[in-house]
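>>> what would the 3D arrangement of this be:
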Amino acid sequence: MTFEKLNLIEPILRAVKAEGYTEPTPIQERAIPVLLEGKDLMGCAQTGTGKTAAFAIPILQLLFEKQLPAAGKRQIKALIITPTRELAIQISESFTAYGKHTGLKHTVIYGGVSQNTQTSILKNGIDILVATPGRLLDLIDQQFVNLQSIQFFVLDEADRMLDMGFIHDVKKIIKKLPVKRQSLFFSATMPPEIQKLAATILVRPVNVDIVPVVATTNLIKQSLYFVDKPDKKSLLIHLLKDKSIKTALIFTRTKHGADRVSKDLMKAGIKAAAIHGNKSQSARQNALNNFKNKQTRVLVATDIASRGIDVEQLSHVINYEIPNIPETYIHRIGRTGRAGVDGVALSFCDAEEKKYLRDIYKLISKQIPVVEEHPFPMKDCSSSNTQTGKRPVNGKSFGPKG
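Below is the predicted model of the structure:
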C-alpha cells in the first residue's frame with residue numbers, strides 16, 4: 001500500500017513525500033479512507049503509530065476541497081484537543097508539514113505562556129485550531145474563540161485526558177460544538193469512563209483498533225538490570241560512558257527524581273536536562289528542542305511526557321525507575337523503535353520495584369533478558385528473580401513461567 005492509493009490530492013501527496021513517507025502505517029491505511037468518506041471514527045492506538053497523520057491528512061484534504069473564495073475572516077472549522085502542551089505543539093507541526101501546499105491556516109494554543117501571540121493569530125482568522133483544554137476554555141470565555149463553525153472535532157489521547165483530570169473540561173468543550181460535525185476519538189486504552197465519553201461524542205463510528213500496544217515492542221531490544229536503589233546513579237553514569245548511546249531519554253516516576261538525575265549527570269560531565277510539569281513552558285520547550293537538535297545528549301522525563309515526546313531516531317530509552325502502571329512501560333519504551341527503526345530500552349529494577357515488574361510481565365507476556373555482567377549487581381541475590389527467588393544464570397531471561 002502506498003499513499004497514492006489512498007486517493008489523496010496532489011498538494012498533500014507532495015507534502016507527504018517531502019516528509020519522506022512512502023507507505024502508510026496500519027492506522028493511516030485504515031483511518032484515512034474512513035475519514036475521507038465523512039464517517040466518525042473510534043481509534044485505539046498509541047502514540048508512535050502514526051495517528052497524527054491519520055487524522056491530520058484527511059482533515060486537510062476535506063477542508064481544502066471545501067475551500068471557498070475569501071469572504072471575511074476565516075472561521076475555525078477543525079478543532080483538535082490534546083492533553084499536553086508538547087503534544088499540541090507536535091500536532092501543530094504536523095499540520096504545518098502536511099498542509100504547506102493547501103493554503104489552510106492553523107495555530108496552536110496552550111497554557112503556561114502569555115496568550116497575546118495566540119490571540120493575535122486568532123483575531124486574524126484560522127481554519128484549524130490545536131489546543132489544550134484549559135487554555136481553550138479560557139479563550140472561549142474571553143470570546144477569542146468561537147466554535148460554532150466546527151466541522152471536524154478530534155479528541156486525542158483521551159485516556160491521558162482522564163489521567164490528568166481534564167475530562168470535565170472536555171465535556172464543557174463538547175457542549176459548545178455544533179451537533180452536526182465529523183468526530184474522531186483516539187485513545188491508547190479504553191477504560192469504561194473513556195467508552196462512556198466516546199458514546200457522547202461519536203455517531204455510528206467506525207472502529208479502528210490497531211493491534212494491542214504490546215505488539216509494537218518487537219523492534220525494541222529490551223534489557224533488564226537488577227541494581228540496588230543507591231547504585232542506580234552509578235550504573236547510569238557507567239552505561240552512558242558508551243559513546244554509541246548518542247541520545248537517551250530517561251524516565252523517572254517523580255518530578256523531583258527527574259531533576260535529581262539530571263543534576264547528577266551534569267555533575268558527571270554528561271549534558272542533560274529535565275522535563276516535567278513543574279517546569280515553565282519555555283524551559284520545557286527549550287529542553288525538548290535542544291534534545292531533538294542533539295545539543296543535549298540526555299533528556300530526563302516524568303511519565304506525563306512519555307506520550308508527548310516524539311524524537312526521530314531516538315536510540316535509547318532508559319527506565320531509571322520501573323513504572324507503577326504496566327501500560328506506562330509500553331508508552332515509555334515506545335519513544336524508541338519508531339518508524340521501522342530499531343531501538344534499545346534499558347530498565348533498572350531495585351528490590352522495591354519487583355512488584356511493578358511482575359505486572360509488566362503479565363501485560364507484555366514476553367521475557368526481558370537480564371544483564372548480569374555490570375559493575376553494580378544487586379547485593380541481595382534473592383531479589384533478582386521475582387518468580388523463583390533464585391538468581392538467573394548464564395544470562396538467561398527473566399520472565400513469567402510457561
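>>> how about residues contacting the helix or strand Gln118 falls within?
For Gln118, the element it lies in under DSSP states H and E is helix 116-124. Here helix 116-124 makes contact (C-beta atoms under 8 Å, 6 or more residues apart in numbering) with Lys73, Arg74, Thr107, Val108, Ile109, Leu129, Arg135, Leu139, Gln142, Phe144, Val145. Quick note: C-beta positions are derived from backbone N, CA and C, even for glycine.
>>> mind redoing it with 6 Å?
Thr107, Ile109, Phe144 (C-beta atoms under 6 Å, 6 or more residues apart in numbering).
>>> and those residues as a markdown table, adding secondary structure and neighbour count?
A markdown table is the format used below for the contacts of helix 116-124 (DSSP: H, G, I helix; E, B strand; the rest coil; neighbours: other C-beta atoms under 10 Å):
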| residue | secondary structure | neighbour count |
| --- | --- | --- |
| Thr107 | strand | 19 |
| Ile109 | strand | 25 |
| Phe144 | coil | 17 |
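>>> sorry, back to before: what mean pLDDT does the helix holding Gln118 have?
Helix 116-124 shows a mean pLDDT of 96.
>>> give me the buried positions along that helix.
Buried residues in helix 116-124, counted by 16 or more other C-beta atoms under 10 Å: Gln118, Ile121, Leu122.
>>> dump those to TSV, plus distance to Arg253.
Listed next are these as TSV, based on distance: C-beta to C-beta, whole Å:
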residue	distance to Arg253
Gln118	33
Ile121	37
Leu122	38
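>>> now, among the residues you listed, which is nearest to Ser234?
Nearest to Ser234 among these: Gln118, at 45.0 Å, using C-beta to C-beta.
>>> so Gly343 versus Arg332, what's the distance?
Taking C-beta to C-beta, to the nearest Å as the measure, Gly343 falls 11 Å from Arg332.
>>> which one's more surrounded, these two?
A count of neighbours by other C-beta atoms under 10 Å puts Arg332 above the other of Gly343 and Arg332, at 25 against 20.
>>> give me the secondary structure label for the more buried one.
In three-state terms, and counting by DSSP: H, G, I helix; E, B strand; the rest coil, Arg332 is helix.
>>> need the contact list for Leu299.
Applying C-beta under 6 Å, 6+ apart, the residues near Leu299 are Leu249, Ala273, Phe291.
>>> of the residues you listed, the lowest pLDDT goes to which?
Phe291 (90).
>>> work out for me the element that one sits within.
Per DSSP H and E: helix 281-292 holds Phe291.
>>> buried ones in that helix?
Counting neighbours by 16+ other C-beta under 10 Å, helix 281-292 gives Arg284, Gln285, Asn286, Ala287, Leu288, Phe291, Lys292 as buried.
>>> make a markdown table out of those and add distance to Met42.
Formatted as a markdown table, the buried residues of helix 281-292 follow (distance: C-beta to C-beta, whole Å):
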| residue | distance to Met42 |
| --- | --- |
| Arg284 | 31 |
| Gln285 | 32 |
| Asn286 | 36 |
| Ala287 | 34 |
| Leu288 | 30 |
| Phe291 | 33 |
| Lys292 | 31 |
